[in-house]
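> predicted structure and sequence below. I'll ask about it afterward.
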Amino acid sequence: MDTQERFTEEQLYRKDNLERLKAFRPIDDIMFRAMIRDNIPLAEYMLRVFLGDPDIKVRKLDVQADMKLIGGARSLVFDVYATDRDCTKYDLEIQKDLEGAGPRRARYHASVMDEQNSHPGEDFADLNDIYVIFVTETDIVGEGFALTHNSKNSPILCYEVG
């Protein structure tokens with residue numbers, strides 16, 4: 001293969017990749033993972049906007065955090081699992097498809113977060129604060145708002161970006 005043929009193949013390869021890349025949006029799982037991985041400033045910004053708290057300071061960020069549970073319970077993989085300087089835990093879920101994005105799934109995520117962060121003999125008052133945030137394209141709760149609390153005083157939020 002001569003230099004000209006190789007150059008043309010490389011151009012076509014780049015053009016094909018560019019076309020595929022143009023189809024991705026931040027709400028797409030693979031694109032979001034690429035954007036957020038090792039990007040604490042982006043995670044902080046999103047949490048600050050969603051929760052209206054400019055003082056959130058993320059100290060630990062895990063992408064695709066595997067929450068393995070024993071005893072036959074259903075395990076989860078959190079899209080983004082963050083911990084701030086006050087040991088508050090955040091589960092940030094990017095949900096393009098509405099299938100499975102309902103309040104009961106968010107409730108299960110919250111229960112897994114509590115299970116993962118509690119210890120035998122620990123007083124329940126010592127549990128870390130937690131937030132489960134589902135980012136969706138549409139209003140999954142049906143309240144007509146972009147940001148919806150699951151229930152009064154709930155740590156579960158749904159945020160519409162569509």
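Sure thing, it's come through. Numbering: from 1, shown residues only.
> please count neighbours and contacts with C-alpha atoms only from this point.
OK.
> could you give the bridge partners of Glu93?
Beta-bridge partners recorded for Glu93 (DSSP bridges): Phe134.
> would you agree it is in contact with Val135?
Yes: applying CA atoms under 8 Å, one finds Glu93 in contact with Val135, separated by 6.0 Å.
> pLDDT weak spots in this structure?
Counting by pLDDT under 70, the chain contains low-confidence ranges at 1-7, 24, 96-98, 100-102, 138-162.
> what about the strands in it?
58-67, 76-84, 89-95, 130-136, 147-149, 156-160 (DSSP state E).
> helices or strands up against the third one?
Identification of packing neighbours for strand 89-95 by 3 or more CA pairs under 8 Å, 6 or more residues apart in numbering; DSSP states H and E yields helix 29-36, strand 76-84, strand 130-136.
> possible to save these as JSON lines with mean neighbour count?
JSON lines is the format used below for the helices and strands packed on strand 89-95 (neighbours: other CA atoms under 10 Å):
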{"stretch": "helix 29-36", "mean neighbour count": "15"}
{"stretch": "strand 76-84", "mean neighbour count": "20"}
{"stretch": "strand 130-136", "mean neighbour count": "24"}
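> what's the closest of the ones you listed to Phe50?
Nearest of these to Phe50, taken as CA to CA: strand 130-136 at 8.2 Å.
> now do the closest one and strand 89-95, the angle between them.
Angle of strand 130-136 versus strand 89-95, following axes from the mean of the first three to the mean of the last three CA atoms, to 10 degrees, is 10 degrees.
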